[in-house]
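> Provide a 3D model corresponding to the input given below.
(one chain, ligands or ions: 2)
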Amino acid sequence: MTFDYDLFVIGGGSGGVRAARIAASEYHARVGLAEESRMGGTCVIRGCVPKKLMIFASQAGALAHEARGYGWQSADAGPFDWLMFRHKLDAELTRLEGAYTGGLVAAGVDIHKQRAHLHDAHTVELADGRRVTAKHILIAAGGRPQLPGIEGEELGMISDDLFLMEKVPGRVLVVGGGFIACEFATILQGLGAHTTLSYRGDAVLRGFDGDMRRNATEQLRVIGVELRLPSTPTKLEKRDGGILVTYDDGATDQYDAVMFATGRTPHTKGLGLEQAGVKLGQKGEVVVDEWSQSSVPSIFAVGDVTDRVNLTPVAIREGHSFADTVFGAKPRKVDHRLYGAAVYIRPHEVASIGLTEEEAAAQGPHEVYEASFRPMRSLFAGSDARAVMKLLVDAGTHKVTGCHIFGPEAGEMIQLVAIPMGMCATKADFDAAIAVHPTLAEELVTMRRPTRHIGGAHPDKTVGSA
Ligand SMILES: Cc1cc2nc3c(=O)[nH]c(=O)nc-3n(C[C@H](O)[C@H](O)[C@H](O)COP(=O)(O)OP(=O)(O)OC[C@H]3O[C@@H](n4cnc5c(N)ncnc54)[C@H](O)[C@@H]3O)c2cc1C
Ligand SMILES: NC(=O)c1ccc[n+]([C@@H]2O[C@H](COP(=O)([O-])OP(=O)(O)OC[C@H]3O[C@@H](n4cnc5c(N)ncnc54)[C@H](O)[C@@H]3O)[C@@H](O)[C@H]2O)c1
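Ligands and ions are numbered 1, 2, ... in the order given. Below is the predicted model of the structure:
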């Protein structure tokens, strides 16, 4: 049977673009790709990139404060021009969108700027009614925000809306305690909004190491975010030009804007997957095996639509591995067990890789090496903010199984820690590195004695504590 394409990709985000580009440019496959919105997807257009630029923008006040601590007595951030920033942001996203499109065109990918859905195991139907056939179809449709299902929730915003605001709200409520809630609460507070965060647990960032969670929660409070923990909004109503929020304990408060950051779900609705025989999971995710292959052999899926690890570099790796495997005769699986992640809150980020202390304790005997200190840069400027570095070491094998950093540029540090950890480095390997001084990261190679032992009986309590 002949097909119009060797590969048709639905979704031009992190995973889809990479898979299409590699299949076409490296393996000379005939590739078509449909994108219904802007090329680049969530990360480029309404995620990682604009979010991080907003984090940078929101730090002017804190930087001016620090400069005053260094003797620049009149340092002041001055007024923030949101519309000017938004205009520059739009231009930058347009530049990136062009770069992504250009990369695909240069690779020879046929771009269809419209929505697509499956017709059958080898056929895609485009919004304009055309049908195209492909030997392989890749679903890379990403995820979309999930609302909590409460009365009046349509009055609230989602993260996509934040990049398009006409002005910075005076009083804003952020609902949720995950990555997006913490990062956007930091941004909004830094841009001058009086920000409240409502979360149903006692500490934000569920799933992260307990110490990181406690520090992140406390930092949000210190930078001025009003924390309502634990609490859950139950109703939103329009009131006097604002939004009246009722909480589960009966309390009410009024805000100029409410933002829901209550998770994301796979974007599979209306894709025709079930009719084509593709098995979906409980959240609507495409169920795939270790090769990203769905229950229909010609249909694969990568990225957030599979709800494995919902991060851009993971989607990219999955897309690349799919192309190598199917078109390059280089079978490659993605190991989802070890990946670094950072939460870009300020002034200190949370960055993690591997086991949390709680997971390590459940797995068996571990040593915990921990340093908590005031970094010299902020200390000199008059801040009491503490940084925390933690290494978890398997007491039997001495391998470093987890690393957690709460500190300035923690994301940059964890990226480098990911290399030795991927090579199964032991604590002795870390110790063998001569420190770079004075840096924050030197703490990672100078922690000599375990702070505590966890996870039951230890085979040798002296190893690793020179
Ligand atoms: C606010 C926010 C901040 C984030 N920050 C980070 C971060 O700092 N670091 C990080 O690693 N990750 C971050 N993420 C997560 C990251 O953006 C995602 O994991 C990543 O974009 C997933 O890539 P993907 O290819 O699976 O999907 P996406 O990038 O979502 O791409 C899917 C694309 O498919 C298109 N599409 C969907 N259905 C169809 C259809 N039927 N026809 C045609 N096109 C379709 C969509 O328009 C979209 O462009 C963030 C996410 C958000 C929301
Ligand atoms: N820096 C980064 O790498 C980064 C940044 C943003 C997003 N992301 C990715 O995007 C994903 C989605 O981010 P997110 O913050 O939306 O999701 P999340 O899963 O991290 O957090 C969702 C939060 O919403 C809360 N919640 C869920 N349902 C609720 C309800 N009905 N009522 C009240 N609270 C509710 C949860 O308890 C949780 O705190 C992340 O898991 C991550 O993979 C990554």
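> who in the stretch 101-250 of the chain is up against ligand 2?
148, 175-181, 183, 199-200, 206, 232 (CB under 6 Å from any ligand atom). Backbone N, C-alpha and C define where each C-beta goes, glycine included.
> So which of the residues you listed belong to helices?
Residues of those located in helices (DSSP state H): Phe179, Ile180, Ala181, Glu183.
> before we move on, back to that, out of the residues of the stretch 101-250 of the chain next to ligand 2, who's nearest ligand 2?
Set against ligand 2, the nearest of these by CB to the nearest ligand atom is Gly178 (2.0 Å).
> okay if I get the ones in helices among the residues of the stretch 101-250 of the chain next to ligand 2 as CSV plus neighbour count?
Shown next, in CSV, are those (neighbours: other CB atoms under 10 Å):
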residue, neighbour count
Phe179, 24
Ile180, 23
Ala181, 24
Glu183, 24
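> that older thread, can you lay out the residues of the stretch 101-250 of the chain next to ligand 2 as JSON lines showing pLDDT?
As requested, those are exported to JSON lines (pLDDT from 0 to 100):
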{"residue": "Pro148", "pLDDT": "97"}
{"residue": "Val175", "pLDDT": "98"}
{"residue": "Gly176", "pLDDT": "98"}
{"residue": "Gly177", "pLDDT": "98"}
{"residue": "Gly178", "pLDDT": "98"}
{"residue": "Phe179", "pLDDT": "98"}
{"residue": "Ile180", "pLDDT": "98"}
{"residue": "Ala181", "pLDDT": "98"}
{"residue": "Glu183", "pLDDT": "98"}
{"residue": "Tyr199", "pLDDT": "98"}
{"residue": "Arg200", "pLDDT": "97"}
{"residue": "Arg206", "pLDDT": "98"}
{"residue": "Thr232", "pLDDT": "97"}
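> Quick check: the farthest pair among the residues you listed?
Glu183 and Thr232 (20.5 Å; CB to CB).
> what's the closest of the residues of the stretch 101-250 of the chain next to ligand 2 to Tyr344?
Checking those one by one against Tyr344 (CB to CB), the nearest turns out to be Glu183, at 5.4 Å.
> my guess is Arg332 contacts Thr325, does it?
Yes - at 5.5 Å, Arg332 and Thr325 qualify as touching, with contact defined as CB atoms under 8 Å.
> which of these two has more neighbours?
Between Arg332 and Thr325, counted using other CB atoms under 10 Å, Thr325 has the larger neighbour count: 17 against 14.
> element containing the more buried one?
helix 312-327 (DSSP states H and E).
> which residues touch that helix?
Under the criterion CB atoms under 8 Å, 6 or more residues apart in numbering, residues 6-7, 13-19, 22-23, 26-27, 29, 43, 47-48, 136, 138, 140, 291-292, 300, 302-304, 306, 308, 330-334, 336, 339 lie in contact with helix 312-327.
> what about 6 Å?
14-15, 18-19, 22-23, 27, 29, 43, 48, 291-292, 300, 302-303, 330-332, 334 (CB atoms under 6 Å, 6 or more residues apart in numbering).
> Count the residues that sit near the nearest residue to Gln114 once chain neighbours are set aside.
Leaving aside its chain neighbours, Gln114 sits nearest to Ala127 (4.2 Å; criterion: CB to CB, 6 or more residues apart in numbering). Ala127: 13 surrounding residues under other CB under 10 Å.
> Do a quick rundown of the strands in the stretch 151-300 of the chain.
For the stretch 151-300 of the chain, the strands defined by DSSP state E, counting those that start in this stretch occupy 171-175, 194-198, 226-228, 233-239, 242-247, 252-255, 257-260, 264-266, 299-301.
> right, and those strands - which one's nearest Glu370?
The nearest among the strands of the stretch 151-300 of the chain, by CB to CB, is strand 226-228 at 24.7 Å.
> Enumerate the residues of the stretch 251-400 of the chain near ligand 2.
Counting by CB under 6 Å from any ligand atom, the stretch 251-400 of the chain sits next to ligand 2 at Ala261, Thr262, Gly263, Arg264, Asn310, Leu311, Ala341, Ala342, Val343, Tyr344.
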